[in-house]
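Chemist: sharing a sequence plus its predicted fold:
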Amino acid sequence: MTSHPPSTAIARVGAALAAALLTPAALGASTEPPLSGPVVSLALPDYDALRRSVEVPAIATVETLKLRGRLSDNSLTIEIRGRRLGNLVKLPLLKPPDGISFLGCTGNAFLSSEKESLQLVLSGDPFSLTCGLSVREKTRVELALLTRVLGVRSEVSDAELVRRDSPDSGPVLILTALDAHSGTGPRAATGSGRYRLSVQPGQTVFDYSLAIENPNRSKMTYAVSLPNGEAVQVVTTPCSYSETPGGLSFELVPGANPIRVTGTLPGDQFRPLLPSDEQYLVLENHPMLALTIDSKARRISPKETGIATGARGSLGFLLAPGESVRFSTQKMHVFSSVGYSVPALRYTVFFPSVGHPIVEAHLTLENMGSPQLALDVPGRPTYLDVDGEPQLLYRDSAGRLTVPLGMGPQTLTLQWEAPPDLGNLGDTAAVSLLRLDSPVTHTSVALRSHPKWGVAGASFSRYVFFPLNVAGFLLRVALCAGCAVLFIWLGLGKIRSMFAGSGFLILSVASPVWLAVPALLLGLFASRRFGSRYPVVRRSVTVMTAVFVAVLIGLAIAGTMSTGSRAPEDLLSGAQSGGSASNMPGTKLGKEAGVAEGFPARITLPGRLVDDIRFSEMMVPAGKSHLVRCLLLPAFAREAMVWVVVLGFTLWGFRNRGELGGLVAKSRGLSETQSV
């Protein structure tokens, strides 16, 4: 054995220790290649939360829970079906029931009894489990669910199932025996029916409303037969149903079950659907059909049936089981009628200085269903509006103006040019008005004319107008008669005096201004005859004469300014003249066919004048067209007639100077005698 000195041994140990510390393993260096890219460091709780967020959730759903068998002989079974997702193994199903045992379970799931619940252990997807139930009490079974079940069904023949939801403990299934003491089965459903048949040309439409009451606490099947061969189109009910040969089958829920069935009835006989004494029938028909009824059922008012009907003449019946109603139809023929009425029709006829008269008609209509109105316009239509909205001018194959109508009240405004063309030396105008297919309750006509014309006479319907009224005529007769008496007193002679009074009367008809002449003569005579005795008379006559002369001068000046400052063509406002409406902007109507460029423009007629001539008529019959006849004379013709009358009177009445001189001398002698 070789010995070494202590210093050499210590040096060897230090070298070995240094070599060991400098090795890669001792330094913690990894032999794996270094990571490339960014490196994220997470705490362990955060990593677990991230991992759980991407994991598939473990859930399970019980889709159906079905009870079968009989409760009385303890042969109940429970069937559970559902689906699961994820790795869920156990699902709490029921609270441990008292007096109930689960026997002979089969399926790909099984039950596990825990301390506070029965766990459903899942081993597949979908899962199912069928177990037999052994119950201690054969009148009532309670199952308290710990999980939500989508559908619960009971096929227990001698018990009914009621589901009670509790917000605290969850849903509870209660299976109660049906009349366990008497041994009877489920109670029968009761109901009432209300039937409505609408007989129309070609088909009969039915609407059945059934109210079925399920007195049991579980669902039950109820069959409704269709004994009339109904073709069912729509069934509306909150419960499920299916079609069966010759009827319908409903799965009634406990309580009230409203059912509505609509469709068509192929035959002409009706029998009720339900075996109930509370069944009502309403039979309504189209207005063009008449019904003949053959039935022994009790006839009641349609209001007593409780069935809404909108037809007039509906028939109501109270039906008992086994009764029927047979009906037959007969087509009715409809009288021709007009679907609109005209309460008011207002015309305005304007006679311009030259050209065609313009007629404007305002119609107030009550339309009850006519789609359009065809108007035979006696002239050339230029404007039409309905309720203030301008309409294009269309005409049918017969050349009549067609107006589209809506329902209810509406107003129409129509303008046209009447055929007669007025001459310059006067004319007799006959303007035709509209001919309507409906009577007109109230018709009014207003005649307006240019100041160039003087209306010597007008007529409408059975009315004739002359420019005279009763009071004015009596005043004129009185003044002219007084003037004739004055002339007789002056010695003019009875014949000449009456002729002079008639001349003044004729002149006053042409112009009321001529009444001033006899009035002034009578005033002057009264002043001369009674002025010396009664000074008040002379002053009054003087003042009245001065006022009369001033009024006449003012009227003459006003008439000259009003007639001389405006041209006859300016009476129509704007740039539209009363002669021809074919130059209106926006409207061009061809002679052969109506061609419109935009909507037609309305001609604005002058406003109401003082000398308007107005007519009115009540209940103008349908199909009758009235004429408005008017005799127009120019103003210069009236003045010429007046001056001819004055000249003739002068030449005939004072044909020699001796009479005129004798009259003047007599008047002077009378004045001198009065002054003495």
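Modeler: Structure received. Residues are numbered from 1 along each chain as shown.
Chemist: show me what contacts residue 319?
Modeler: 272, 279, 280, 281, 297, 325 (Cβ atoms under 8 Å, 6 or more residues apart in numbering). C-beta coordinates here come from the backbone N, C-alpha and C atoms, glycine included.
Chemist: can you pick out the ones from those that are in strands?
Modeler: Judged by DSSP state E, strands contain the following of the contacts of residue 319: 279, 280, 281, 325.
Chemist: residue 196: which of those is nearest?
Modeler: residue 281 (7.7 Å; Cβ to Cβ).
Chemist: correct me if wrong: that closest one contacts residue 271.
Modeler: No. The pair residue 281 / residue 271 is not scored as a contact, 10.1 Å apart, by Cβ atoms under 8 Å.
Chemist: so which of those two has more stuff around it?
Modeler: residue 281 (26 against 15; other Cβ atoms under 10 Å).
Chemist: what sits against that one?
Modeler: 195, 196, 197, 270, 272, 297, 305, 316, 317, 319, 325.
Chemist: now what about the host helix or strand of residue 105, what contacts it?
Modeler: Assigned by DSSP states H and E, residue 105 belongs to strand 100-107. Applying Cβ under 8 Å, 6+ apart, the contact partners of strand 100-107 are 78, 111, 118, 127-136, 141, 143.
Chemist: ok, stretch 625-632 next?
Modeler: Here stretch 625-632 has contacts from 347, 349, 351, 378, 422, 426-435, 443, 445, 447, 449, 453-461, 615, 617, 620, using Cβ under 8 Å, 6+ apart.
Chemist: among those, name the ones in helices.
Modeler: The members of the contacts of stretch 625-632 all map outside helices under DSSP state H.
Chemist: buried ones among these?
Modeler: Buried by 16 or more other Cβ atoms under 10 Å: 347, 349, 351, 378, 422, 427, 429, 431-434, 443, 445, 447, 449, 453-456, 458-461, 615, 617, 620, out of those.
Chemist: so, low pLDDT: which residues of the stretch 101-250 of the chain?
Modeler: Along the stretch 101-250 of the chain, the parts satisfying pLDDT under 70 run over 166-169, 179-185, 217.
Chemist: about what we covered before: kindly indicate which of the contacts of strand 100-107 lies nearest residue 41.
Modeler: residue 127 (42.9 Å).
Chemist: specify the beta-bridge partners of the closest one.
Modeler: residue 82 (DSSP bridges).
Chemist: sheet-wise, list the partners of whichever helix or strand residue 381 is part of with their directions.
Modeler: According to DSSP H and E, residue 381 maps onto strand 380-386. Paired neighbours of strand 380-386 in the sheet (DSSP bridges): strand 389-390 (antiparallel), strand 408-417 (antiparallel).
Chemist: to residue 208, which of the ones you listed lies closest?
Modeler: Nearest to residue 208, of the strands paired with strand 380-386 and by Cβ to Cβ, is strand 408-417 at 36.0 Å.
Chemist: still on that earlier bit, filter the contacts of residue 281 down to just the ones in strands.
Modeler: Per DSSP E, these map to strands at 195, 196, 197, 270, 316, 317, 319, 325.
Chemist: possible to save those as CSV with distance to residue 602?
Modeler: CSV is the format used below for the ones in strands among the contacts of residue 281 (distance: Cβ to Cβ, whole Å):
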residue, distance to residue 602
195, 58
196, 53
197, 54
270, 61
316, 56
317, 60
319, 64
325, 61
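Chemist: tell me the one among these nearest to residue 499.
Modeler: Closest to residue 499, out of all of the ones in strands among the contacts of residue 281 and judged by Cβ to Cβ, is residue 316, at 88.1 Å.
Chemist: neighbours around that closest one, how many?
Modeler: Considering only other Cβ under 10 Å, residue 316 is surrounded by 21 other residues.
Chemist: repeat for the one 5 residues further on
Modeler: In terms of burial, residue 321 registers 11 neighbours under the definition other Cβ under 10 Å.
Chemist: contact partners for it?
Modeler: With Cβ under 8 Å, 6+ apart, residue 321 has these contacts: 272, 274, 275, 276, 277, 279.
Chemist: now with 6 Å?
Modeler: residue 275 (Cβ atoms under 6 Å, 6 or more residues apart in numbering).
Chemist: cool, the one 5 residues further on as well?
Modeler: In this structure, residue 326 makes contact with 269, 294, judged by Cβ under 6 Å, 6+ apart.
Chemist: 10 Å - rerun?
Modeler: By Cβ atoms under 10 Å, 6 or more residues apart in numbering, the contact list for residue 326 reads 267, 268, 269, 270, 271, 292, 293, 294, 295.
Chemist: ok, residue 240 next?
Modeler: 219, 249, 250, 251, 252, 253.
Chemist: please apply the same query to residue 84.
Modeler: Taking Cβ under 10 Å, 6+ apart as the test, what residue 84 contacts is 58-62, 91, 109, 120, 122-127.
Chemist: narrow the residues you listed to those in helices?
Modeler: Residues of those located in helices (DSSP H): none.
Chemist: quick one on the thing from earlier: of the strands paired with strand 380-386, which stretch is the most buried?
Modeler: Mean neighbour count (mean count of other Cβ atoms under 10 Å) peaks for strand 408-417 among the strands paired with strand 380-386, with a mean of 18.
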